[in-house]
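**Q** build me a model:
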Amino acid sequence: MSFLRPPAHDYVAELNSEQYAAVTTTARRALVIAGAGSGKTRTLTYRVAWLLEQGVAPWRILLLTFTNKAAREMLERVGSLTGGEAGQLWGGTFHSIANRLLRRYGERLGYRQGFSIFDSDDQRALMKALVKEYAGKMTKSDRFPKAEVLLSLHSLAANTCSGWEEVLLREYPYLQKHEEVLARIYAAYAERKKALNAMDFDDLLLNFLRLLEEQADVRAELQERFRYVLVDEYQDTNTPQEAIIRHLVGGEQSCLMAVGDDAQSIYSWRGANVQHILRFHLNYPEAEVYRITTNYRSLPAILAISNAAIAQNTRQIPKDMQAARRGQNILPAVFPAPDNRTEAAFVARRIETLLDAGVPGKDIAVLYRAHFHSMDVQMELGKRQIPFRITSGLRFFEQAHVKDVVAFLRLLGNPLDEVAFRRIAGTFPRVGEATAGKLWQAWLSVVQPWLAEHPAEEAIQLPHSRLLGKLAVPAAARAHWGDFLALMDSLHPEGGVLLPSELVHRVHTYLVPYMRSAYDNYEERAEDLFQMARTVGEEENLEAFLSQVALLSEVDQQATAGEEDCVTLSTIHQAKGLEWKVVFIVFLGEGLFPHRRVLDSGSTEEMEEETRLFYVALTRAQDRLYLSFPRYNGRSYDAQYSPPSRFLTTLPPELMELWQE
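**A** Below is the predicted model:
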């Protein structure tokens, strides 16, 4: 290629040598391995600017990203670099580009102009209607999965290009008894969307892929138009996305640049496949590989431990990241806490010290493998009135499954708690708000007179089965009424009430069938409940337990009211792409991180993804890094022992500093 006008940028001066080589390559196929903090976005945007300076028309460039935020940021940067020449550049997420092209060619697949796109609420409404239509007459004792579960199964099948039956067998084996009904529902779901001239988000990808596979003239037209295809975060591509890319760059004139980092591939649970980047050379044997290995984010000590951590993986594209920054190079600190509460107290005290030293709260993050790992830290920060925000979901006691369990305990302590009763009734199959209201009136008609005749302190010993066993309840609730009363009786055996930890355990056991049908990530929610029993259940009576839960919930709500400069709590998955001056990684115990499920599976692929997840966590830190784990998790009489994570024990000890209280 030759310049059509003088270059607007001094690329040699504005880029490092590795970035420059990637930006200015003339290879038709290029794989750019851009390590953590190496300026990946800078490389991509300068690549687009360079192509434009070479005379490439902007409409011949297609930039594919994974988030709207990334697309906006890149297009804005390209605009500032080129003085606005990127106006006709095609850039956006895979889904947004698919939508634009399906608007033009959708009639080829049988869709009319102006098709609708179903958002998650639309999908849920349609699926709920189909469940009612096809499973509404099932026996009342059956707990048919809720719409959200069916949609998660369906989406995972779409994103891996697998049959839903295969995903059912692998990920949802407990739903196999419903396979025949599910087949009818999924068939009707597809037919109903088509009849409504609508697509959901997964359809956008699958229909775009169908268009490229089935319509040869459209495929050739798009290959001719998009001569330069650039893909961000290539390690996160799922099966349909990877196939779409191959079809788009199949023409003789097409050029592909895939940018990513195999060491940061952590989303297999939603369909991403690290093999797409590891085996890039098999699809594109002539591809040139460029490594960008200068890290501008972390100090050398943090980068050294990050390099050592990822070196444990055998299936990777080797690279040795080098730190560009220099300064006070403090070794990462490792703190082995006696138990989970001591670990949380350590984290909170260190944060207090940092805040007192002038470090802004927004520059501090606490990262964890699973949401329940944050519970103790949430409680400790709340008690110390340290403002924090959670980017990985709801605060612990705001989560639906936690509220489900607590509702039973609230009703046990206060049989007149209508809010708790109605929530409990909602866990019965086929019981809606109207039926719950009738149930409550029936309950009240018996319970209220009994309470009037007994001292307040005896309310907790309400004889549920004897008083309410023969109550005339609505037909929809009859099948589960006896089991509910038996559970409530079991919570106050003769001689008193169980400890809160045992109460939580019994209610959780009772709710397992409901939770499996209601939540697609039941295993994660079960871990939350186990941790709640271990941590909060140290209180010796129900009243103290419920008071603590209520007060912690209130502290949670008040902690960040009007606060912008607050500490961040996040799962590592949610933290990818972000960075903080100070990072704490907690619950680094074997079986906690790496997760017990991965250890039990014996899968090398899953263990290597856990290692990549640890690497992502380490590389979020700029200046200071703290690694901690509890040797025991829970109360003294039933604590769960956890040795330090293999991620810690396999690291060279000279890269860390061991801290003791």
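
**Q** how about the helices in the stretch 51-200 of the chain?
**A** If DSSP state H, counting those that start in this stretch is used as the criterion, the helices of the stretch 51-200 of the chain fall at 68-82, 94-105, 120-135, 147-159, 164-171, 179-195.

**Q** right, so of these, which gets closest to residue 272?
**A** In terms of C-beta to C-beta, the element of these nearest to residue 272 is helix 147-159, at 8.3 Å. Where you see a C-beta, it was placed from the backbone N, CA and C, and this is true even at glycine.

**Q** averaging pLDDT per element, find the lowest-scoring helix or strand in the chain.
**A** Here the helix or strand of the chain ranked lowest by mean pLDDT, DSSP states H and E is helix 542-559, holding a mean of 60.

**Q** right, and the helix or strand after that one?
**A** Going down the chain from helix 542-559, the next helix or strand is strand 567-571, by DSSP states H and E.

**Q** heading C-terminal from that following strand, find the next helix or strand.
**A** Heading towards the C-terminus - elements assigned by DSSP H and E - strand 567-571 is followed by helix 572-575.

**Q** which secondary structure elements does the next helix-or-strand element following that following helix contact?
**A** The C-terminal neighbour of helix 572-575 among helices and strands, as given by DSSP H and E, is strand 580-585. Using 3 or more C-beta pairs under 8 Å, 6 or more residues apart in numbering; DSSP states H and E as the contact criterion, the elements in contact with strand 580-585 are helix 340-356, strand 364-368, helix 604-618, strand 621-633.

**Q** tell me what angle the helix or strand hosting residue 501 forms with helix 147-159.
**A** Following DSSP H and E, one finds residue 501 within helix 500-518. Interaxial angle of helix 500-518 relative to helix 147-159 (axes from the mean of the first three to the mean of the last three C-alpha atoms, to 10 degrees): 60 degrees.

**Q** pick the most buried one from the helices and strands packed on strand 580-585.
**A** Neighbour counts (mean count of other C-beta atoms under 10 Å) averaged over each of the helices and strands packed on strand 580-585 peak at strand 364-368, with a mean of 26.

**Q** tell me what that one is packed against?
**A** For strand 364-368, the contact count by 3+ C-beta pairs under 8 Å, 6+ apart identifies helix 340-356, strand 567-571, helix 572-575, strand 580-585 as packing neighbours.

**Q** same list (the helices of the stretch 51-200 of the chain) but as a markdown table, adding mean neighbour count and distance to residue 290.
**A** Output for the helices of the stretch 51-200 of the chain, formatted as a markdown table (neighbours: other C-beta atoms under 10 Å; distance: least, C-beta to C-beta, whole Å):
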| stretch | mean neighbour count | distance to residue 290 |
| --- | --- | --- |
| helix 68-82 | 17 | 18 |
| helix 94-105 | 18 | 23 |
| helix 120-135 | 16 | 38 |
| helix 147-159 | 21 | 28 |
| helix 164-171 | 15 | 36 |
| helix 179-195 | 15 | 42 |
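
**Q** now do the helix holding residue 501: distance to the chain's middle.
**A** Averaged C-alpha coordinates place helix 500-518 at 23 Å from its chain's average position (C-alpha atoms, centre = their mean, to the nearest Å).

**Q** buried residues, it. List them.
**A** The neighbour-count check on helix 500-518 (16 or more other C-beta atoms under 10 Å) flags 500-501, 503-508, 510-511, 513-518 as buried.

**Q** before we move on, what about stretch 231-246?
**A** Counting neighbours by 16+ other C-beta under 10 Å, one finds that the buried residues in stretch 231-246 are 231-245.

**Q** so which of those comes closest to residue 71?
**A** Nearest to residue 71 among those: residue 232, at 8.5 Å, using C-beta to C-beta.

**Q** I'd guessed the closest one sits against residue 70; true?
**A** Yes: the pair residue 232 and residue 70 passes the contact test of C-beta atoms under 8 Å, sitting 6.1 Å apart.

**Q** so what sits against both of the two?
**A** Taking C-beta atoms under 8 Å, 6 or more residues apart in numbering as the contact criterion, the common neighbours of residue 232 and residue 70 are residue 41.

**Q** sorry, back to before: of the helices and strands packed on strand 580-585, which is nearest residue 255?
**A** For residue 255, the closest of the helices and strands packed on strand 580-585 is helix 604-618, at 28.8 Å, according to C-beta to C-beta.
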